[in-house]
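> need the 3D shape of this:
(one chain, ligands or ions: 1)
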Amino acid sequence: MRTAFISDIHANLDALETVLADIGRQETDRIVCLGDIVGYGPEPNPCVARVREVSKVTVVGNHDYAALGRIDTLGFNEYARAAAEWTASALDKDSIEFLGSLPLKTVLDGMHLVHASPLDPERWTYILSYQEAKRQLAAFPEQICFVGHSHLPIVVEEEGDEIRALPFSSDIPVRIHKDRRYLVNVGSVGQPRDRDPRCGYAWYDDEARAVMLRRLEYPIANVQKKIIDAGLPPFLAQRLADGV
Ligand code: ZN
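Next up, the predicted model:
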């Protein structure tokens, strides 16, 4: 079974459609969404509707929570806060209903799925060190966990007491060993932050035992114009071109 993982779409419909078209060409069997469908970008409702249509399983992200008013945005920077307020006022009834129905985490065929971190998912921890990765790997019993949140794609492999980051670059499959455990960050569809502005997603093939990161060009200028036209902070348009 080949599962595609989309995460951190952030209301960027152009990036989402680009990714979905590629998923259609990659012989995937199903799509999982790891949250942050909205926030930052100019088209929250169409993105929620598309995810609702194509995703088999979806978990909620912190920006989805913020748009629903479930967390306060004091911990957000000024751009994220402005975008969260804009998004909260833009969401329609169907989007609110769908986002409000999503779980914080779930398990699908032995894959642990959560937006930020398996340990205390509502704390929205960023997994940015080996120490944190080790703590998080101890927090779920399955062999493999897929996350988003940092917008930085990475595969962390645990073999006994050893832990390492595996090179995870576009179009080179990473091998998944039966007797090792994994934490995979699938990257971001709508706002990559690894200085590569191309939109990204990942797929996992549990028979081939491979994880693949895909990166694709998409019409960034279209989204930038929509961000400006919507009255969102211009910085949010600029950062898409910079991949930060
Ligand atoms: Zn995000």
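> please save the CA atoms from stretch 160-172 in PDB.
Extracted in PDB, the C-alpha atoms of stretch 160-172 (Å, rounded to 0.1, in the frame of the first residue of the first chain):
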ATOM      1  CA  GLY A 160      18.700   0.300  19.300                       C
ATOM      2  CA  ASP A 161      20.300   3.200  21.300                       C
ATOM      3  CA  GLU A 162      21.500   4.900  18.200                       C
ATOM      4  CA  ILE A 163      19.600   7.700  16.500                       C
ATOM      5  CA  ARG A 164      20.400   9.400  13.200                       C
ATOM      6  CA  ALA A 165      19.000  11.700  10.500                       C
ATOM      7  CA  LEU A 166      18.900  10.200   7.100                       C
ATOM      8  CA  PRO A 167      19.400  12.200   4.000                       C
ATOM      9  CA  PHE A 168      16.000  12.900   2.700                       C
ATOM     10  CA  SER A 169      16.200  14.700  -0.700                       C
ATOM     11  CA  SER A 170      13.700  15.000  -3.500                       C
ATOM     12  CA  ASP A 171      13.200  11.800  -5.500                       C
ATOM     13  CA  ILE A 172      15.700   9.600  -3.700                       C
END
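> and the helices in this structure, which stretches?
13-25, 44-54, 62-67, 78-90, 93-100, 130-137, 220-229, 234-242 (DSSP state H).
> and these, which is most packed in?
helix 62-67 (a mean of 26; mean count of other CB atoms under 10 Å). In short, each C-beta sits where N, CA and C put it, glycine included.
> same for that one, what does it pack against?
Contacting helix 62-67 under the criterion 3 or more CB pairs under 8 Å, 6 or more residues apart in numbering; DSSP states H and E are the following elements: helix 78-90.
> so for the ion, which of the helices of the chain sits nearest?
Judged by CB to the ion, the one of the helices of the chain that comes nearest to the ion is helix 62-67, at 5.6 Å.
> what sits up against the closest one?
10, 35-40, 44, 71, 73, 76, 80, 84, 87-88, 91, 99, 102, 115-116, 124, 149 (CB atoms under 8 Å, 6 or more residues apart in numbering).
> what about 7 Å?
The contact list for helix 62-67, computed with CB atoms under 7 Å, 6 or more residues apart in numbering, reads 10, 35-39, 71, 73, 76, 84, 87-88, 91, 99, 102, 115-116, 124.
> so how far is stretch 133-141 off the chain centroid?
Centre-to-centre, stretch 133-141 and its host chain are 19 Å apart (CA atoms, centre = their mean, to the nearest Å).
> again with stretch 25-39
Worked out by CA atoms, centre = their mean, stretch 25-39 lies 8 Å from the chain centre.
> and it, what's buried?
Neighbour counts over stretch 25-39 (16 or more other CB atoms under 10 Å) mark 28, 30, 31, 32, 33, 34, 35, 36, 37, 38, 39 as buried.
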